[in-house]
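>>> what's the 3D shape of this:
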Amino acid sequence: MYENITALSLLPPGRRALVRELTLFGAMRRRLRDLGFIGGAAVECLGRGPSGDPTAYLVRGAVIALRRADAAGVLVEACPC
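Okay, here's the model as predicted:
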């Protein structure tokens with residue numbers, strides 16, 4: 001179906017991708033959807049914290065910091081955009 005699907009937590013800084021699916025459940029899933037992590041949304045990795053966690057992402061015009069464990073629950077597809 002989709003090619004190049006990976007977890008958002010593996011997206012390197014400076015790269016963009018499209019959100020394809022959330023594998024999280026409950027309150028975290030609802031919170032990420034409210035923040036704009038919905039299917040087809042473009043997301044860009046802006047950079048990682050000094051220890052590698054959390055990571056800042058640009059999604060729908062907002063900068064969101066996510067822990068690696070939470071970002072691993074967002075599946076993305078690399079995009080040429």
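
>>> host element of the closest residue in space to residue 73 that isn't next to it in sequence?
Using C-beta to C-beta, 6 or more residues apart in numbering and skipping residues adjacent in sequence, the residue nearest residue 73 is residue 24, 3.7 Å away. Using the backbone N, CA and C atoms, a C-beta is placed for each residue, glycine as well. Following DSSP states H and E, one finds residue 24 outside all helices and strands.

>>> Identify each of the helices in this protein and give its residue range.
Listed in chain order, the helices of the chain (DSSP state H) span 26-35, 68-71.

>>> The longest one: which residues count as buried?
Read it as helix 26-35. Judged by neighbour count (16 or more other C-beta atoms under 10 Å), helix 26-35 contains these buried residues: 29, 32.

>>> then it to PDB, C-alphas only?
Extracted in PDB, the C-alpha atoms of helix 26-35 (Å, rounded to 0.1, in the frame of the first residue of the first chain):
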ATOM      1  CA  GLY A  26      -6.300   6.300  24.600                       C
ATOM      2  CA  ALA A  27      -5.500   9.800  25.700                       C
ATOM      3  CA  MET A  28      -2.100  10.100  23.900                       C
ATOM      4  CA  ARG A  29      -3.800   9.200  20.600                       C
ATOM      5  CA  ARG A  30      -6.500  11.700  21.100                       C
ATOM      6  CA  ARG A  31      -4.000  14.400  22.200                       C
ATOM      7  CA  LEU A  32      -1.800  13.900  19.100                       C
ATOM      8  CA  ARG A  33      -4.800  14.100  16.800                       C
ATOM      9  CA  ASP A  34      -5.800  17.300  18.500                       C
ATOM     10  CA  LEU A  35      -2.300  18.700  17.900                       C
END
